[in-house]
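In: the sequence and its predicted three-dimensional model are supplied below.
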Amino acid sequence: MNLLEMLMNAGGQGAVGQMGQRFGLDENQTMSAVQALLPALGAGIQRNVSNDGGIDGLLGALTGGNHSQYLDNPDLMNSEETTADGNGILGHLLGSKEVSRQVASNASAQTGIGADVLKQMLPLVATMGMGGLSKQTQAQPQAASADGLMGMLTPLLDSNRDGSAVDDVIGMIGRFMTNR
């Protein structure tokens, strides 16, 4: 299962639909945007958990935050508080606004959707991604440990399904760096 499948399995359809309405996109455009933005967030998660204390920080955010609310209440996609929370998540995952702008630009090249729209969508996609991970952690109590979290994240980030997310994340980072 990848991040998009996990998000949709966690009830993200309503949030994705609400976000599409907010930005005037049809269902296919919205799904394309989410598909194009999620890999960078997955790479950010992988990079974060590889740092000292990163897994504990992510576990704390997943178990202590109320991120699942973004999937449970799709109307929150229209809230400024959701955007602010998403920007906070992006700060942790991507590190800077410049990286967020580059992610939006790369996604724009893939989808044909304007980079300005994708830049506005990115914080909302971050909240939905965290919401999906939070729901997955709640559904699998063993995920609420460092080993369990890594076991849950590996298949989500392993796009080529070889059993290791490392090569996929390195590839995502490499693609990002060459497009800068």
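Out: The structure has been received and is ready for your questions.

In: from Ala115, how far off is Gln46?
Out: Using Cβ to Cβ, to the nearest Å, Gln46 is found at 24 Å from Ala115. Bear in mind the C-beta positions are built from the backbone N, C-alpha and C, glycine included.

In: more crowded one of the two?
Out: For Gln46 versus Ala115, the count of surrounding residues by other Cβ atoms under 10 Å is larger for Gln46: 23 against 17.

In: grab the nearest non-local neighbour of Gly86.
Out: Pro123 (2.7 Å; Cβ to Cβ, 6 or more residues apart in numbering).

In: quick check: that neighbour touching Leu90?
Out: Yes: with contact defined as Cβ atoms under 8 Å, Pro123 counts as touching Leu90 (5.9 Å).

In: have a look at the two and say which one is more surrounded.
Out: Leu90 (23 against 20).

In: what about the more buried one, which SS state?
Out: helix (DSSP: H, G, I helix; E, B strand; the rest coil).

In: list the buried residues for the strand or helix carrying the residue nearest to Gly86?
Out: Using DSSP states H and E, Pro123 sits in helix 115-139. Of all the residues in helix 115-139, those buried under the rule 16 or more other Cβ atoms under 10 Å are 115, 117-137.

In: give me phi/psi at Ser68?
Out: Note on Ser68: backbone dihedrals following degrees, to the nearest 10 are phi -70, psi -20.

In: helices of this protein, start to end?
Out: For the chain, helices defined by DSSP state H occupy the ranges 3-9, 13-23, 27-50, 54-64, 69-72, 80-93, 97-111, 115-139, 146-157, 166-178.

In: show the contacting residues for the spatially most central residue of the chain.
Out: The centroid of the chain falls nearest to Gly129 when counting by Cα atoms, centre = their mean (3.8 Å). Taking Cβ atoms under 8 Å, 6 or more residues apart in numbering as the criterion, Gly129 is in contact with 3, 7, 38, 41-42, 89.
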